[in-house]
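[1] my questions are about this predicted structure, shown below with the sequence.
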Amino acid sequence: MIYLKSEVKNMIFNISGRCDIVAFYYPWLKKRLQEGYVDVRHPFDKNKIFRYPLNERSIDALVVCTKNPLPILQEPQSLLQYPTLIQITITPYGKDLEPYVVPKKKIIEATKQLSQIFGRNQIDVRYDPIVLTEKYTIAQHIASFEHLVQALHQDVHVFIISFVDEYKNTKKHGIRSLTLEEMNTLAKAFGKIAKKYNVCVQTCGEAVDFSCYGIKKGKCIDKEHLSEITGHQIEWIKEKSKRQHCECADYRDIGVYNACPHYCKYCYANFDEKLIDYHYVHHDPESSLLIGQLEKTDKVIEISFKPRQITLF
């Protein structure tokens, strides 16, 4: 096994855009935080391993993304000791698009409880991706979004929306992109709802600007917001791997593609159900890797954190 070293400016961890670690692998995450490091296999170069430190000195922030925050409620202390932003996805879809997502009433109630524990400023709700079908119409989305905002407007920092993109998985399930007219109709209605309940609604990674409707053109990993949470300045670094319109702060995703048993029909990161099953069965909560074990042929790159020099507070 070969060991190398590298240094980065930001140590923001995305947990995770690739799979729902909280919903299915929370014991593993707690173990990695206790051990103080995590190994992440490069998704395309299978023998390259990034080893990231997980400790108070190195972590800028944890951005936790999940459709099922209930495991956090059972043991929040593992995350409370770090600057943590929790983003909870709540959509109006049923089993046809989200076969194994827990009932939305439970998620909404858990969101309220987490807001009490972590503070409103550290809770975001994602209403995304927005999918239109014969069943999930524009009218239903408007009604569902208002119901969600009405329930959580006092508990959430921001509501994030985005529109479904066409990927391999979405095309396979007959899910299409929205037209500009459809997006504008929804954005206009959502803007009115935002004003009614005095909340912030923003897009993420969208090319179209809906600020004329009162919807902020934002990013889900916002360096200004994270700087408030962490108490020090977060730098913005543009990476080649980001989507064209993504302006999120630089982050490290510790997840694995095709490892999320939610089996959502619109998901860009999980499209091979046989591989998802295989990964889930072969998950070892004691491993430093989310899926699998270190191999003799692996090249481990130990990532260190460049010390912070600017303090805001």
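    Received the coordinates, thanks.
[2] so which residues of the stretch 1-150 of the chain form helices?
    Secondary structure of the stretch 1-150 of the chain (DSSP state H, counting those that start in this stretch): helices at 21-35, 70-74, 77-80, 104-118, 138-152.
[3] low-confidence ranges, the stretch 101-250 of the chain, go.
    236-249 (pLDDT under 70).
[4] ok, now how distant is the residue nearest the centre of the chain from Lys46?
    Among the residues of the chain, the one closest to the centroid is Cys65, at 3.3 Å (CA atoms, centre = their mean). The gap separating Cys65 from Lys46 is 24 Å, by CB to CB, to the nearest Å. For every residue, glycine as well, the C-beta is placed using N, CA and C.
[5] which other residues reach the helix or strand where Lys196 lies?
    Secondary structure from DSSP states H and E places Lys196 in helix 180-197. Outside helix 180-197, the residues that touch it by CB atoms under 8 Å, 6 or more residues apart in numbering are 130, 132, 138, 141-142, 145-146, 149-150, 153, 159, 161, 163, 178, 200-201, 208, 210, 213-215.
[6] try 6 Å
    The contact list for helix 180-197 (CB atoms under 6 Å, 6 or more residues apart in numbering) reads 138, 142, 145-146, 149, 153, 163, 201, 210, 213-215.
[7] now it against helix 138-152, angle please.
    For helix 180-197 against helix 138-152, the angle by axes from the mean of the first three to the mean of the last three CA atoms, to 10 degrees is 30 degrees.
[8] ok now helix 180-197, how far from the chain's centre?
    Distance of helix 180-197 from its chain centroid, counting by CA atoms, centre = their mean, to the nearest Å, is 23 Å.
[9] who's in contact with Pro76?
    With contacts defined as CB under 6 Å, 6+ apart, Pro76 is in contact with Ile117.
[10] same check, this time on His173
    The neighbours of His173, taking CB under 6 Å, 6+ apart as the test, are Lys265.
[11] now Pro43
    Counting by CB under 6 Å, 6+ apart, Pro43 makes contact with Tyr257.
[12] how much space between Asn198 and Lys217?
    On the measure of CB to CB, Asn198 and Lys217 end up 19 Å apart.
[13] quick one: which of these two has more around it?
    In terms of neighbours (other CB atoms under 10 Å), Lys217 is the more surrounded of Asn198 and Lys217; the figures are 15 against 9.
[14] what residues are up against the more buried one?
    Applying CB under 6 Å, 6+ apart, the residues near Lys217 are 203, 209, 211.
[15] excluding sequence neighbours, find me the nearest residue to it.
    Once flanking residues are discounted, Lys217 sits nearest to Asp209: 5.2 Å by CB to CB, 6 or more residues apart in numbering.
[16] and that neighbour, backbone torsions?
    Main-chain torsions, Asp209, degrees, to the nearest 10: phi -100, psi 120.
[17] how many other residues sit next to it?
    Counted with other CB under 10 Å, the neighbours of Asp209 add up to 12.
[18] cool, Gly94 as well?
    By the criterion of other CB under 10 Å, Gly94 has 12 neighbours.
[19] ok, Pro69 to Asn47 distance?
    For Pro69, the distance to Asn47 equals 35 Å [CB to CB].
[20] between these two, who's got more neighbours?
    Comparing Pro69 with Asn47 by other CB under 10 Å, the one with more neighbours is Pro69, at 26 against 13.
[21] tell me which residues touch that one, please.
    Contact analysis of Pro69 by CB under 6 Å, 6+ apart lists 88, 110, 114.
[22] could you do Asp298 as well?
    Asp298 makes contact with 1, 47, 49, according to CB under 6 Å, 6+ apart.
[23] quick one: contacts for the first one?
    Listed by CB under 6 Å, 6+ apart, the contact set of Met1 reads 296, 298.
[24] what about it, distance to Asn47?
    10 Å.
[25] can you put the contacts of Lys217 in TSV and add distance to Ser6?
    Shown next, in TSV, are these (distance: CB to CB, whole Å):
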residue	distance to Ser6
Thr203	33
Asp209	36
Ser211	38
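[26] and which of these is nearest Thr230?
    Checking the contacts of Lys217 against Thr230 with CB to CB, the nearest one is Thr203 at 23.8 Å.
[27] save the contacts of Asp298 as CSV, and put in distance to Lys265 and pLDDT too.
    As requested, the contacts of Asp298 are exported to CSV (distance: CB to CB, whole Å; pLDDT from 0 to 100):
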residue, distance to Lys265, pLDDT
Met1, 39, 71
Asn47, 32, 94
Ile49, 32, 97
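[28] so of these, which ones are in strands?
    In strands, defined here by DSSP state E, the members of the contacts of Asp298 are Ile49.
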